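Chemist: have a look at this prediction, sequence included:
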Amino acid sequence: MNTMLRRDAPLAVAAAALLASGCAITHPPSVARQHAQLTPSTAATGDLRQLPPPKGKVAVAVYGIRDQTGQYKPAPDSSFSTAVTQGASSMLIKALKESGWFIPVERENLQNLLTERKIVRALEMPQPAGTPAVQIPPLLAASVLIEGGITAFESNVRTGGAGARFLGIGVSTQYRVDQVTVGLRTIDIRSGQILQSVSTTKTVYAYEVHPSVFKFVNVKDLLELEAGMTRNEPTQLCVNEAIEAGVAHLIVQGVREGHWALQDPARWADPVVQRYATDRDTRYDAAAGMP
């Protein structure tokens with residue numbers, strides 16, 4: 001009886017392995033069924049919300065933040081699929097609103113807005129006697145224009161991995177680092193002068209973990225088990241964070257150069273402001289309350 005059990009043990013192990021692999025294939029991860037939710041906030045989002053309030057908000061226009069990289073996803077993806085998002089303008093407008101320093105005005109789809117205003121004016125005439133006229137306020141003019149684009153996307157800036165195997169049991173890891181760069185500049189509409197210009201860079205990190213088992217359970221039977229997990233940082237979130245960091249730098253640079261002001265000048269010593277006021281080799285005096 002014991003001999004029969006020992007002979008059947010490899011078959012039982014193989015059957016259990018096949019059953020486990022079958023369950024893994026037929027039951028996808030639960031995260032694949034998550035409901036829609038708000039886009040996760042980044043560290044730069046928190047910084048924008050914590051910036052001290054301005055003395056007065058600035059009306060700003062954004063006509064479009066273009067993809068200037070010319071990068072497409074590598075094979076086997078479609079040759080028409082770009083490596084970075086084409087919705088950077090929407091991300092910038094959201095970041096401007098999040099900061100509380102700017103009043104974004106519609107310019108990217110201005111023709112749609114003008115068409116709707118024409119429709120409202122057309123409905124005004126003719127009107128029955130005694131009907132009050134529909135008053136349409138004038139469009140808000142912007143005082144600052146923000147231009148820029150996604151200027152670079154570099155793949156495989158760093159790659160590497162490590163692995164080890166002992167008695168047929170091992171694990172290996174691989175990682176890859178990409179890099180995205182965003183450039184933004186503010187322009188005085190009256191003179192056309194460029195007020196500030198910043199360039200921010202964010203890394204895109206991806207890694208893979210791959211454990212495996214390769215063993216002979218007896219002379220003729222081979223047991224091989226594999227598993228794996230890959231995680232890729234979403235590129236659009238990295239672009240979003242780079243844009244938000246760029247907006248924070250534009251605000252701090254504008255305060256430093258006198259283009260706009262803090263509601264309380266003493267708030268220049270705020271840790272969030274000073275984090276963005278630090279520029280490579282130059283640190284600005286926070287104790288004095290001014291650059």
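Modeler: All right, it came through fine. Numbers count the residues shown, from 1 in each chain.
Chemist: check which helix or strand covers the spatially most central residue of the chain.
Modeler: In the chain, the residue lying closest to the centroid (CA atoms, centre = their mean) is Leu237, at 1.9 Å. Secondary structure assignment for Leu237, by DSSP states H and E: helix 235-257.
Chemist: list the buried ones in that helix?
Modeler: 235, 237-256 (16 or more other CB atoms under 10 Å). Quick note: C-beta positions are derived from backbone N, CA and C, even for glycine.
Chemist: counting contacts, what elements does it pack onto?
Modeler: Contacts defined by 3 or more CB pairs under 8 Å, 6 or more residues apart in numbering; DSSP states H and E place helix 235-257 against helix 43-50, helix 88-99, strand 144-166, strand 169-188, strand 194-216, helix 271-277.
Chemist: hey, C-alpha coordinates of stretch 190-207 in CSV?
Modeler: Provided in CSV are the C-alpha atoms of stretch 190-207 (Å, rounded to 0.1, in the frame of the first residue of the first chain):
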residue,chain,number,x,y,z
ARG,A,190,0.5,92.9,-24.2
SER,A,191,4.2,92.8,-25.1
GLY,A,192,4.9,89.2,-26.2
GLN,A,193,7.7,89.0,-23.7
ILE,A,194,8.4,85.5,-22.3
LEU,A,195,8.1,85.9,-18.6
GLN,A,196,9.2,82.4,-17.3
SER,A,197,10.3,79.2,-19.0
VAL,A,198,10.7,75.8,-17.2
SER,A,199,11.5,72.3,-18.2
THR,A,200,10.5,69.4,-15.9
THR,A,201,11.5,65.7,-16.2
LYS,A,202,9.8,62.6,-14.8
THR,A,203,11.0,59.0,-15.0
VAL,A,204,8.7,56.2,-16.0
TYR,A,205,9.5,53.0,-14.1
ALA,A,206,8.6,49.4,-15.0
TYR,A,207,9.7,46.1,-13.4
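Chemist: contacting residues around it?
Modeler: 143-144, 151, 157, 173-188, 230-233, 235, 238-239, 241-243, 245-246, 249-250, 253-254, 257, 259 (CB atoms under 8 Å, 6 or more residues apart in numbering).
Chemist: how far does stretch 83-95 sit from the chain's center?
Modeler: In terms of CA atoms, centre = their mean, to the nearest Å, the centre of stretch 83-95 is set 8 Å apart from its chain centre.
Chemist: ok, stretch 244-252 next?
Modeler: Counting by CA atoms, centre = their mean, stretch 244-252 comes out at 15 Å from the chain centroid.
Chemist: and what of stretch 51-64?
Modeler: Distance, stretch centre to chain centre, for stretch 51-64: 21 Å (CA atoms, centre = their mean).
Chemist: start and end of that stretch, how far apart?
Modeler: In stretch 51-64, first residue to last residue: 25 Å (CA to CA, to the nearest Å).
Chemist: avg pLDDT for that stretch?
Modeler: Across stretch 51-64, the average pLDDT comes to 92.
Chemist: now do stretch 244-259
Modeler: On average, stretch 244-259 scores 91.
Chemist: before we move on, what about stretch 271-285?
Modeler: For stretch 271-285, mean pLDDT rounds to 68.
Chemist: before we move on, the earlier item: what distance do you get for the residue nearest to the centre of the chain to Ala261?
Modeler: To Ala261, Leu237 is 32 Å away according to CB to CB, to the nearest Å.
Chemist: please apply the same query to Ala206.
Modeler: Counting by CB to CB - Ala206 and Ala261 are separated by 43 Å.
Chemist: and for Arg190?
Modeler: Where Ala261 is concerned, Arg190 sits at a distance of 18 Å (CB to CB).
Chemist: swap in Gln253?
Modeler: Plainly put, Gln253 is 13 Å away from Ala261 if you go by CB to CB.
Chemist: give me the nearest residue to Pro74, chain neighbours excluded.
Modeler: Ser155 (7.3 Å; CB to CB, 6 or more residues apart in numbering).
Chemist: an error on my part: the question was meant for Gln174.
Modeler: The shortest distance from Gln174 to any non-neighbouring residue, by CB to CB, 6+ apart, is to Gly161 (3.7 Å).
Chemist: count residues in the vicinity of the residue nearest to Val204 when sequence neighbours are not counted, would you?
Modeler: Closest residue in space to Val204, ignoring its immediate chain neighbours: Asp178 at 4.0 Å, by CB to CB, 6+ apart. Here the number of neighbours of Asp178 (other CB atoms under 10 Å) works out to 23.
Chemist: need the contact list for Asp178.
Modeler: The contact partners of Asp178, by CB under 8 Å, 6+ apart, come to Phe153, Glu154, Ser155, Asn156, Val157, Thr203, Val204, Ala206, Thr235.
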